[in-house]
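J.: Build the 3D model from these lines:
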Amino acid sequence: ACETGLGKIYGGEGVVGLSQSFLLAGAKGLSVSLWQVSDQSTKRFMEGVYRLVKDKGLGYSEAITTMKRAFIHDGDRTMGEDASRGIKLEARGGTKSLKHPYYWAPFVFYGVN
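T.: Purely as a prediction, here's the structure:
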C-alpha cells in the first residue's frame with residue numbers, strides 16, 4: 001500500500017504508524033513506501049525484490065537496494081554483477097523512464113534481514 005511508512009510524530013515516542021505496529025507485533029522486517037507510486041512501477045520493483053531474495057539469496061534490504069540501482073540505470077542495459085546482480089528491466093511499450101526518484105526512492109526497509 002502507498003504511504004505505509006508514514007506516521008505521526010509524538011514527543012518521546014518518535015514516529016508512530018503502521019510500521020511501528022508491525023514491528024511491535026513481532027515482524028522481523030517490513031518494506032514500506034513513503035509516498036504514492038504508480039502501480040506498474042511498484043509491481044515491477046517488488047517482483048524484482050522477491051526474485052532477488054528467492055533466486056539470488058539476498059536479504060530484503062540488499063534486494064531493495066539492488067532494485068533501486070536497476071531503476072536508476074533505467075533498465076537500458078544489463079548491469080554488471082556488482083552493480084545490480086544482473087537485473088534487466090525490459091522496456092515495455094509506453095513505460096516512462098524509471099530513473100526518476102519518484103519510482104524507486106519511496107521504498108524503505110525497516111528491521112533486520
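J.: which ones are touching residue 103?
T.: Residue 103 is in contact with 37, 38, 41, 45, 71, counting by Cβ atoms under 8 Å, 6 or more residues apart in numbering. The way it works is simple: take the backbone N, C-alpha and C, and place the C-beta from them, glycine included.
J.: filter these to the buried ones?
T.: Buried members of the contacts of residue 103, scored by 16 or more other Cβ atoms under 10 Å, are 37, 41, 45, 71.
J.: Next, format these as a markdown table and append secondary structure, distance to residue 107 and pLDDT.
T.: Below are the buried ones among the contacts of residue 103 laid out as a markdown table (DSSP: H, G, I helix; E, B strand; the rest coil; distance: Cβ to Cβ, whole Å; pLDDT from 0 to 100):
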| residue | secondary structure | distance to residue 107 | pLDDT |
| --- | --- | --- | --- |
| 37 | coil | 8 | 85 |
| 41 | helix | 10 | 88 |
| 45 | helix | 7 | 91 |
| 71 | helix | 10 | 91 |
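J.: circling back to that earlier point, ok, so of the contacts of residue 103, who is nearest residue 51?
T.: Residue 51 lies nearest to residue 45 out of the contacts of residue 103, by Cβ to Cβ, at 10.9 Å.
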